[in-house]
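[1] turn this into a model:
(one chain, ligands or ions: 1)
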Amino acid sequence: MSVLIAASAVDLGGGMQVRRALPTQRRRLIGAWCFLDHFGPADVSRTAGMRVGPHPHIGLQTLTWLLRGEVLHRDSLGSVQRIEPGAVNLMTAGRGISHSEESPSPHSADLHGVQFWIALPESARRIAPAFDHHPRVPVVQRDGLRVTVLAGEWLGEQSPARIHTPLMGASIAAAAGASAVLPLRPDFEYGAIVTHGEAFLGTPGDAQAQRLEPGTLLYLGSGHRELAVTAGNGDAGIVLVGGEPFGESVLMWWNFVARTRAELTQASRDWNDKAAYLGEVHGYDGPRLVAPLPPWMEPGPAEVAKHP
Ligand code: MN
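    Predicted structure coming up:
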C-alpha cells in the first residue's frame, strides 16, 4: 500500500526553487534518509546560480548528486571540491561541520540535482566530521535503465560512500518506454521521487502502478521484494531511497539533526556564537547564514505582553 505525498516548495535563496520530499507532515524518515531536496532543472545562464553561504550541520550526512551542471563545495575541514554529474559528494557532519555551496564562475546554463540527508545513528552522531568526493560510483545497465548506485548496495553493486546504517540510494535514468523489474529487500522501507519526465512504479501487491512526476514522493513502505519501473513517453529520471526503519526518533531544526530540543537550541546558539566545533568556511564570497531561533524559543504571548 504505497502512498503519494506532495513535496513542499522551498526557496533556497537566489531564486533557486527546491522540492522537498522529506521531511513532510506525513513522513519524516525513510530508513535513515531524513531530508530529500530536488533542485532544478533551473536555467542559471544569466544568474549566479546556487549561492548557499556558510552554514553548519550536526548529526547527519549530506549526499549530493547532480544530473546537470556543477556545484562548488567548501567546508570547514578545508575541502574545496567541484562536483559534476557522475560523482557523489558525501559530507559527514558528525559532531559538527560547516560548508558553503555555490555555482562556480563560469558555470553551465543548467543546474539540476538532488541533495539528501542521512541521519546518523546514536553510535555515530558525534563522530569526527569528514568529507568524501567519489568521482565515480557504480553503474548498472538493466533493460533500458541506467542505474547509478549512490549509497549502499543494490543490483550487486556497492557504492563506496561510507554510511552508518543499512540503507541504499540509487539514481535511475530510464529511456522512453523502458520497463524493468528490480529487486527490493523486504526488511527495507522505500520511497521514490521523479527528477524529470514521468514514471510508473508498482510493487506486486499494487492494483496498478503509481504514476509519478516531479514534486511528489511515492512512499512504498516495507515488505516488498520487487519494484516494477516503467518510463513514460519521454526519458525519465527516478531516485529511489530505502533503508532499515531507523528505530530512533529524530528531531530536526534548520540544518541540525539531533534527539532533543535542547540540543537543537544549543547548536543554533553555538553557530551564532561562532563555536569552534562547528568550524569556519574560508573562500566563500558572501556572508555566513544566521541560525534562526527555534520556534519553541520565540517569545510567547506572555513575554510579548511584558515587553510592549
Ligand atoms: Mn548544507
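[2] so what's the residue nearest to L4 when sequence neighbours are not counted bridging to?
    Counting by Cβ to Cβ, 6 or more residues apart in numbering, L4 lies nearest to T216, which is 5.4 Å off, once chain neighbours are set aside. (Each C-beta comes from the backbone N, C-alpha and C, glycine too.) Beta bridges link T216 to A6, judged by DSSP bridges.
[3] tell me where the model's unsure across the stretch 1-150 of the chain.
    Across the stretch 1-150 of the chain, the ranges flagged by pLDDT under 70 are 13-15.
[4] wait, doesn't the residue nearest to L4 sit right on S2?
    No: the pair T216 / S2 is not scored as a contact, 11.4 Å apart, by Cβ atoms under 8 Å.
[5] for the closest residue to F131 other than its chain neighbours, grab the count of nearby residues.
    Closest residue in space to F131, ignoring its immediate chain neighbours: S79 at 4.4 Å, by Cβ to Cβ, 6+ apart. Neighbour count for S79, taken as other Cβ atoms under 10 Å: 17.
[6] do you know how far S79 is from I5?
    34 Å (Cβ to Cβ, to the nearest Å).
[7] for the helix ranked longest in the chain, buried residues please.
    Using DSSP state H to define each element, the chain has its longest helix at helix 261-272. Under the neighbour-count criterion of 16 or more other Cβ atoms under 10 Å, helix 261-272 has 263-265, 267-268, 270-272 buried.
[8] go on, stretch 79-86?
    Buried residues in stretch 79-86 (16+ other Cβ under 10 Å): 79, 81, 83.
[9] just stretch 183-195 next, same as before
    For stretch 183-195, a neighbour-count test (16+ other Cβ under 10 Å) marks 184-185, 188-195 as buried.
[10] now swap in stretch 95-105 and tell me
    So, applying 16+ other Cβ under 10 Å, buried residues of stretch 95-105: 96-103.
[11] before we move on, what about stretch 159-177?
    By neighbour count with 16+ other Cβ under 10 Å, stretch 159-177 contains the buried residues 159, 161, 163-174.
[12] ditto for stretch 67-77
    In stretch 67-77, counting by 16+ other Cβ under 10 Å, buried: 67-76.
[13] need the contact list for the most centrally placed residue in the chain.
    Nearest residue to the geometric centre of the chain (Cα atoms, centre = their mean): F116, 0.9 Å. F116 sits next to 33, 35-37, 62-63, 65, 169, 241 when contact means Cβ atoms under 8 Å, 6 or more residues apart in numbering.
[14] so F35 makes contact with W117?
    Yes: if you go by Cβ under 8 Å, F35 and W117 touch, sitting 3.6 Å apart.
[15] now do the shared contacts for those two.
    L60.
[16] which of these two has more neighbours?
    More crowded of F35 and W117, by other Cβ under 10 Å: W117, with 24 against 21.
[17] parallel or antiparallel, list what pairs with the helix or strand where that one lies.
    Here W117, judged by DSSP states H and E, is contained in strand 110-119. Strand 110-119 has its sheet partners listed here by DSSP bridges as strand 33-43 (antiparallel), strand 60-68 (antiparallel).
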